[in-house]
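# this one's structure only:
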């Protein structure tokens with residue numbers, strides 16, 4: 001840091017390691033076939049479905065790959081496109097994190113300090129959709145998504161509390177679709193649907209994610225309050241597909257606004273200080289991410305209880321558990337996971 005400034009503490013941010021298996025109700029439009037009462041799938045209908053599939057593949061790749069969007073066990077029932085009723089369940093499992101490392105170093109004589117920043121995530125989604133309609137009653141459509149994210153940037157400290165962190169990351173995603181045709185309509189059209197690339201396909205995608213994290217730290221005694229906002233842009237393209245007519249190019253945006261509080265309690269448990277805290281996060285979705293998930297925004301309130309291991313266990317700052325209540329457009333629920341923070 002420049003002369004006269006105290007170096008801010010470094011940590012890996014919120015939710016650096018989490019595996020979530022919780023019950024969350026969410027309205028997720030994964031596949032609603034707009035088929036009315038026709039005897040077969042028309043080319044126009046096939047194009048409409050393929051466009052919808054492209055939006056969902058992009059949304060699933062971002063949802064699985066980007067660590068900042070919460071994971072969990074999502075379930076939904078309701079009427080979707082074309083009046084189709086879907087009973088959908090989606091399991092999202094994630095392990096990832098983000099954080100700044102090293103002590104801030106001065107940028108010439110500008111009075112600005114900088115430090116490196118890394119971010120990464122591994123995610124898996126399995127979504128099963130039970131379709132209910134006169135045409136598709138009893139059909140089951142399953143999506144699976146594997147995704148890996150990695151990248152980084154730098155955090156620039158404008159003052160003791162205010163900092164900016166531009167980042168560039170890449171996400172690789174592999175999405176596959178498996179359809180079980182139990183309805184007479186789909187049994188009659190199943191081979192045609194496969195040939196048209198509507199079901200039983202797989203596709204690989206890459207996503208470029210650029211973001212700017214704007215953060216302000218407030219310290220009161222030993223309590224730390226972090227305010228941050230992070231607009232992010234995603235550009236996704238497919239590069240390998242089992243079907244030539246399954247491809248996509250899309251753009252999405254999100255804006256996450258966060259309030260996080262860390263409170264040392266001054267009480268020891270198993271020889272380590274007990275800390276409490278939590279926060280609130282609001283995330284707005286735009287573009288294909290909003291269309292593919294049928295979700296405009298997510299709100300999350302998190303609480304956590306952790307034990308302080310700073311300077312006692314390698315680079316670990318604390319280990320504990322956290323739980324969140326989640327709500328937003330078309331859904332409400334909760335999630336829970338392991339909360340581990342490192343300081344490098």
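Done, it's in. Please read all numbers here as calculations on a predicted model, not as lab measurements.

# Tell me the spacing between residue 160 and residue 215.
Distance of residue 160 to residue 215, computed by C-beta to C-beta, to the nearest Å: 12 Å. For every residue, glycine as well, the C-beta is placed using N, CA and C.

# If you count surrounding residues, which of these two has more?
residue 215 (21 against 15; other C-beta atoms under 10 Å).

# Surely the more buried one is in contact with residue 165?
Yes - with contacts counted by C-beta atoms under 8 Å, residue 215 reaches residue 165, the gap being 7.0 Å.

# How about the secondary structure of the most centrally placed residue in the chain?
Closest to where the C-alpha atoms of the chain average out (C-alpha atoms, centre = their mean) is residue 69, at 2.7 Å. Classification of residue 69 using DSSP: H, G, I helix; E, B strand; the rest coil returns coil.

# what sits against it?
62-63, 254, 283, 298 (C-beta atoms under 8 Å, 6 or more residues apart in numbering).

# circling back: mind listing the shared neighbours of residue 215 and residue 165?
Taking C-beta under 8 Å, 6+ apart as the criterion, residue 215 and residue 165 both touch residue 155.

# which other helices and strands contact the longest helix seen in the chain?
Longest helix in the chain by number of residues (criterion: DSSP state H): helix 43-65. Counting contacts by 3 or more C-beta pairs under 8 Å, 6 or more residues apart in numbering; DSSP states H and E, helix 43-65 packs against strand 85-106, strand 113-132, strand 140-157, strand 162-180, strand 202-220, strand 223-241, strand 249-269, helix 288-293.

# Now find how far off-centre the third one is within its chain.
Per C-alpha atoms, centre = their mean, to the nearest Å, the displacement of strand 140-157 from the mean C-alpha position of its chain is 7 Å.

# The shortest one too?
What separates the centre of helix 288-293 from the centre of its chain is 12 Å, taken as C-alpha atoms, centre = their mean.

# could you point out which element follows it?
Sequence-wise, the next helix or strand downstream of helix 288-293 (DSSP states H and E) is strand 297-308.

# helices and strands around the helix or strand that that following strand is followed by, which ones?
Sequence order places strand 316-328 as the next helix or strand after strand 297-308, per DSSP H and E. Contact here means 3+ C-beta pairs under 8 Å, 6+ apart; on that basis strand 316-328 packs against strand 272-287, strand 297-308, strand 331-342.

# With mean neighbour count and mean pLDDT added, can I get the ones you listed in TSV?
Shown next, in TSV, are the helices and strands packed on strand 316-328 (neighbours: other C-beta atoms under 10 Å; pLDDT from 0 to 100):
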stretch	mean neighbour count	mean pLDDT
strand 272-287	19	92
strand 297-308	19	89
strand 331-342	19	70
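
# how about TSV for those strands, with distance to residue 57 added?
Shown next, in TSV, are these (distance: least, C-beta to C-beta, whole Å):
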stretch	distance to residue 57
strand 272-287	14
strand 297-308	20
strand 331-342	21
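
# low pLDDT regions in the stretch 1-150 of the chain?
In the predicted model, the stretch 1-150 of the chain carries pLDDT under 70 at residues 1-42, 71-87.

# Now stretch 92-111: buried residues?
Of the residues in stretch 92-111, 92-101, 104 count as buried by neighbour count, 16 or more other C-beta atoms under 10 Å.

# and residue 67, what are its phi and psi?
Main-chain dihedrals, residue 67, degrees, to the nearest 10: phi -70, psi -20.

# Residue 296 now?
Residue 296 adopts backbone torsions of phi -80, psi -40, taken as degrees, to the nearest 10.

# May I ask you to confirm that it is in contact with residue 283?
No - applying C-beta under 8 Å as the test, residue 296 and residue 283 come out as separate, 10.0 Å apart.

# what residues does stretch 201-210 touch?
57-58, 61-62, 65-66, 149, 151, 166-177, 232-243, 246-248.

# low pLDDT regions in the stretch 201-344 of the chain?
Judged by pLDDT under 70, the stretches of the stretch 201-344 of the chain that qualify are 310-317, 330-333, 340-344.

# repeat that for 90
Low-confidence segments of the stretch 201-344 of the chain (pLDDT under 90): 221, 241-248, 266-275, 288-296, 298, 306-344.

# Could you tell me how far residue 264 is located from residue 277?
For residue 264, the distance to residue 277 - C-beta to C-beta - is 9 Å.

# Kindly apply the preceding question to residue 70 instead.
In terms of C-beta to C-beta, residue 70 sits 17 Å off from residue 277.

# coming back round to it: which of the helices and strands packed on helix 43-65 sits most buried?
helix 288-293 (a mean of 24; mean count of other C-beta atoms under 10 Å).
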